[in-house]
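> My questions concern the predicted model and sequence given below.
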Amino acid sequence: MESMFKVSALGIQSGQESSVVRAALQPMLKCTASAFEDIFHSLSISHRVVLAEDIPQSKAEALFNKLTGIGLNCRIDPMKLTLAALEEGPVEDERYRCPACYHSQPRATDGRLDTCEQCGIVGRNYEETAYLRAAIDRERRRLQGLKGGEEDDNREAREAKEAKRRALAEQRLLDQARRQAEKELNIRFYHKFRFLLKPDVLYPLLGSVTVGLVGVGLLVWQLWFQETPEPVVANARPIDAQSVNPGVQVTIAPPPGLSVSVAGASPQGVPGSVQALEAAEAGGAAGNVAVGNSGPAAAGSAGAGKTTTAAATASGSGGSGNGSSDAAMPAGSRPAPLLNVDQLTPASAAASQAAARNPQILASLAQYQMQTGDLKAASRSIDQAVQLLSGERNNLSSSQLDVFNRLQVEVRARIAQQHHQQRDAATAKEYWTRATNLTNLMTTPDERAQALSGLARTLYEAQPSTAKAHFKRAIEATRLIAEPSSQALVWGAIARDLAQTGQLDQSQPLFDQATATVKAMSNTGGRWEAQAQLAKQLAEAGDTVAAKALLKEIASKAKKSDQLSPILGQYQAEALSALALNLSSRGETAIARTDFAAALKQAQALPDPARRSGTLLYLARDVAAAGDQVAAGKLAAAAGTWE
């Protein structure tokens, strides 16, 4: 009976590009796309994969040569016979093949490790270090990509400098040619301006110059030689205090936001009103300014009993306590807030204290503080979260640590972006470097991909080539994610970040891929949650039409189900909030108020206090971005007790 063999792939050969090997291997394997991704991922980390079994030796050798030719490390092994007698023991491979140079030789029989006679490599040691070599190779390719991006920037700068130099040289050459031509044609200075001596050009030109000189002369004479007349007061005479009606009331229009009323005329006449305005303007919006009459006319007035005050209302402190800066304005002219938070239920004392000790909620608080422009408070909040997490680090898995590190990367990268926009390059570089180091330490593919994408979004304005390299790495990491819901979430996050940097042509295909992944999910509850996440990302990217369609579809299907997870409510509330912010920025304020109110209602209905606090902080961030700082502050205060 002819012996049968199997062909195994051990990994990618050193120095080979994974993309080239991938393109050559995929047509050779007859399997689904997901199965091929699993096979290639195992090969990329140098795990052994059996590619063919029960084939004759000639076909096995042909397949071996073909696979090694495209850049794979392979080996041929005989199939173990199952019909042999038990006392004979298992059939062992007759020959040893070196995994480094593929030299074939008899196996060692004296108990020693198989060592290649041709290159001297110990087989088992070579296989144990294969993973390390693959990791080093991947890191080398990544660093080469970053270096290539920097070289591209330097090359573009050199090309721009060279183009500028060539333009200046061409301009100098043209000037030299013009002067040479003028010299040869005996063209002098007056030849160039001779056309100005024509009557149809000279007369209008002289007239314009004359009019201009006359105007300038009149202006100088008025400013320097004409004395400023003293103000004339017609019918000026002393005012008798007894002749003034003590019941006269003078109302003076104050600066915006102030209401000043002076009852009774001052014994000195007009200066009393001037004092009231000066007091009001000096007080600004700091509090209440009172202006009263101490003269006998005010004291013995027939209309006594009215209080004489000039009220100045501070921004954020009104009589009703709602924080409106328009408290002194008529009720019909006050701008309506984006969100009514009068009925907002604050968190319990235990929930507030727990929120202040939750690192993820503190990271959400830092994002809200960044939106309000308080970068120092945001930095303190994320540092406090890191300190809290350091005490629990031993009790957390690597994936749980990566979830928090992804939030930390987003916060620190956004702080760096704002410092860059404020022309503080040193601080921006410090925060970006720390965010980059955190990203490189992450091992979970979905969290690492989201961190890379968020970091690229903040870097796009300052370092476009580095940002594009991070986007590329994020996409490569996403392809390694096996869980459909996690992969759809990451595709949507990368698409949103690309859209926010203006790369819409690259964003839309990723949104389409995320949508297709969500639709292919068999778990109904998980599909609804993924749809809500995708709706939030679409709204954050500016696609309100697609976001509304997804939210409507979820609402219509959720009505027929009585088993909805609390996490779905959180995703729906955040999606409505993001949609309302987008609508508010477009001027659709009425619809934005409705969506903000719906988001607040769902946030308050969440049974989990931690999810409720996180959702309220997300809503506070969007409300602050929409311009309602008062409501945003109350939402943040209701989420927890902060230092």
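Arrived safely. Residues are numbered from 1 along each chain as shown.
> By mean pLDDT, flag the weakest helix or strand of the chain.
Every helix and strand of the chain was ranked by mean pLDDT, DSSP states H and E. The lowest is strand 310-312, at a mean of 31.
> Tell me the first helix or strand C-terminal of it.
The first helix or strand that comes after strand 310-312 along the chain, using DSSP states H and E, is helix 349-356.
> CA atoms only: put stretch 607-616 into PDB for me.
Coordinates of the C-alpha atoms in stretch 607-616 are reproduced here as PDB (Å, rounded to 0.1, in the frame of the first residue of the first chain):
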ATOM      1  CA  PRO A 607     -31.300  50.400  36.300                       C
ATOM      2  CA  ASP A 608     -27.500  50.100  36.600                       C
ATOM      3  CA  PRO A 609     -26.200  53.200  38.400                       C
ATOM      4  CA  ALA A 610     -22.800  53.000  36.700                       C
ATOM      5  CA  ARG A 611     -24.400  52.900  33.200                       C
ATOM      6  CA  ARG A 612     -26.700  55.800  34.200                       C
ATOM      7  CA  SER A 613     -23.700  58.000  35.400                       C
ATOM      8  CA  GLY A 614     -21.700  57.200  32.200                       C
ATOM      9  CA  THR A 615     -24.700  58.000  29.900                       C
ATOM     10  CA  LEU A 616     -25.500  61.200  31.800                       C
END
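> Please point out which parts of it sit buried.
For stretch 607-616, burial by neighbour count (16 or more other CB atoms under 10 Å) applies to 609, 611-616. To be clear about C-beta, it is placed using only N, CA and C from the backbone, and glycine gets the same treatment.
> Can you pull out the low-pLDDT segments for the stretch 501-643 of the chain?
Scanning the stretch 501-643 of the chain for pLDDT under 70 picks out the ranges 560-564.
> one more time with 80
For the stretch 501-643 of the chain, residues meeting the criterion pLDDT under 80 lie at 523-525, 557-566, 643.
> Next: the stretch 201-350 of the chain.
201-205, 221-336, 342-343, 345, 347.
> Repeat that for the stretch 1-150 of the chain.
The model of the stretch 1-150 of the chain has pLDDT under 80 over residues 1-3, 14-15, 34, 38, 45-47, 79-103, 107-115, 117-150.
> thinking again about what came up before, which ones among the buried residues of stretch 607-616 map onto helices?
Among the buried residues of stretch 607-616, DSSP state H puts 609, 611-616 in helices.
> Adding distance to V50 as columns, could you present those in TSV?
Below are those laid out as TSV (distance: CB to CB, whole Å):
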residue	distance to V50
P609	51
R611	46
R612	51
S613	51
G614	46
T615	49
L616	53
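> Just give me the closest of these to T478.
Comparing these against T478 with CB to CB places G614 closest, at 24.3 Å.
> ok, that closest one to A363 distance?
G614 is 9 Å from A363, where distance means CB to CB, to the nearest Å.
> Equivalent analysis for G525, please.
Per CB to CB, G525 is found 27 Å from A363.
> For these two, indicate the residue with more neighbours.
Taking other CB atoms under 10 Å, G525 and A363 do not tie; A363 has more neighbours (25 against 14).
> Please spell out which residues along the helix or strand containing L551 are buried.
Under the criterion of DSSP H and E, L551 resides in helix 544-558. For helix 544-558, the neighbour count (16+ other CB under 10 Å) marks 544, 546-548, 550-551, 554, 558 as buried.
> Show me what the helix or strand following it is packed up against.
Using DSSP H and E, the next helix or strand after helix 544-558 towards the C-terminus is helix 566-585. Judged by 3 or more CB pairs under 8 Å, 6 or more residues apart in numbering; DSSP states H and E, helix 566-585 is in contact with helix 524-541, helix 544-558, helix 589-604, helix 609-626.
> Specify the local secondary structure of V7.
Put simply, V7 is strand when judged by DSSP: H, G, I helix; E, B strand; the rest coil.
> Quick check: it touching F64?
Yes: in this structure V7 lies within contact range of F64 using CB atoms under 8 Å: 5.7 Å.
> Quick check: neighbours shared by the two?
Common contact partners of V7 and F64 (CB atoms under 8 Å, 6 or more residues apart in numbering): 74-76.
> Please report phi then psi for D424.
Here is the backbone geometry of D424 (degrees, to the nearest 10): phi -100, psi 80.
> Run a quick neighbour tally on it.
D424 has 15 neighbours, counted by other CB under 10 Å.
> Please work out how many residues are found near the nearest residue to A349 once chain neighbours are set aside.
Of all residues not flanking A349 in the chain, T641 sits nearest, at 7.9 Å (CB to CB, 6 or more residues apart in numbering). A count of nearby residues for T641, using other CB under 10 Å, gives 14.
> Contact partners for T641?
Residues near T641 by CB under 8 Å, 6+ apart: 349, 352-353, 355-356.
> Neighbour-wise, give me the winner out of the residues you listed.
Most neighbours among those, by other CB under 10 Å: A355, with 25 neighbours.
> That residue and E643, how far apart?
Separation of A355 from E643 (CB to CB): 12 Å.
> Could I get the buried residue list for stretch 12-29?
By neighbour count on 16+ other CB under 10 Å, the buried set for stretch 12-29 is 12, 16, 18, 21-22, 24-25.
> Could you report the separation of D622 from A599?
Relative to A599, D622 is positioned 8 Å away (CB to CB).
> ok, these two, which is more surrounded?
When neighbours are counted by other CB under 10 Å, D622 and A599 differ, and D622 comes out ahead with 30 against 27.
> Which residues are in contact with that one?
By CB under 8 Å, 6+ apart, the contact set of D622 is 577-578, 580-581, 596.
> Out of those residues, which comes closest to D497?
Within the contacts of D622, the smallest distance to D497 is 14.0 Å, found for A578 (CB to CB).
> thought the closest one was touching L534?
No: counting by CB under 8 Å, A578 does not reach L534; the two are 11.5 Å apart.
> quick one: I76 is in a strand?
Yes: membership of I76 in a strand is supported by three-state DSSP.
> who's in contact with it?
If you count contacts by CB under 8 Å, 6+ apart, then I76 has 5-7, 57, 60-61, 64, 97 around it.
> Relative to P99, how far out is it?
Distance, I76 to P99, by CB to CB: 12 Å.
> Now the common contact residues for these two.
Residues touching both I76 and P99 (CB under 8 Å, 6+ apart): there are none.
> Give the buried residues for stretch 365-383.
Quick answer for stretch 365-383 (16+ other CB under 10 Å): 365-372, 375, 377-382.
> Out of those, which comes closest to R412?
I382 (6.8 Å).
> separation between E588 and L338?
According to CB to CB, E588 and L338 sit 12 Å apart.
> In terms of neighbours, single out the busier of those two.
Neighbour count, other CB under 10 Å: between E588 and L338, L338 has more, with 24 against 15.
> Nearest residue to that one in space, ignoring adjacent ones along the chain?
Setting aside the residues directly before and after it, L338 is nearest to D628 in space (CB to CB, 6+ apart), at 4.1 Å.
> My read is that the one you found contacts V341, right?
No: D628 is beyond contact range of V341, at 9.2 Å (criterion: CB under 8 Å).
> report the longest helix in the chain, please.
Looking across the chain with DSSP H, the single longest helix is helix 130-184.
> Which secondary structure elements does it sit against?
Using 3+ CB pairs under 8 Å, 6+ apart: helix 130-184 touches strand 5-12, helix 464-478.
> Find out how far the helix or strand just after the shortest one is from the centre of the chain, if you would.
If I follow you right, that is strand 5-12. Sequence order places helix 18-25 as the next helix or strand after strand 5-12, per DSSP H and E. Once both centres are worked out by CA atoms, centre = their mean, to the nearest Å, helix 18-25 turns out to sit 34 Å from its chain's centre.
> Stretch 458-477 too?
13 Å.
> Name the surrounding residues that touch that stretch.
By CB under 8 Å, 6+ apart, stretch 458-477 touches 142, 145-146, 149-150, 152-153, 413-414, 416-417, 420-421, 428, 432, 445, 448-450, 452-453, 455-457, 490, 494, 497-498, 501, 506, 510.
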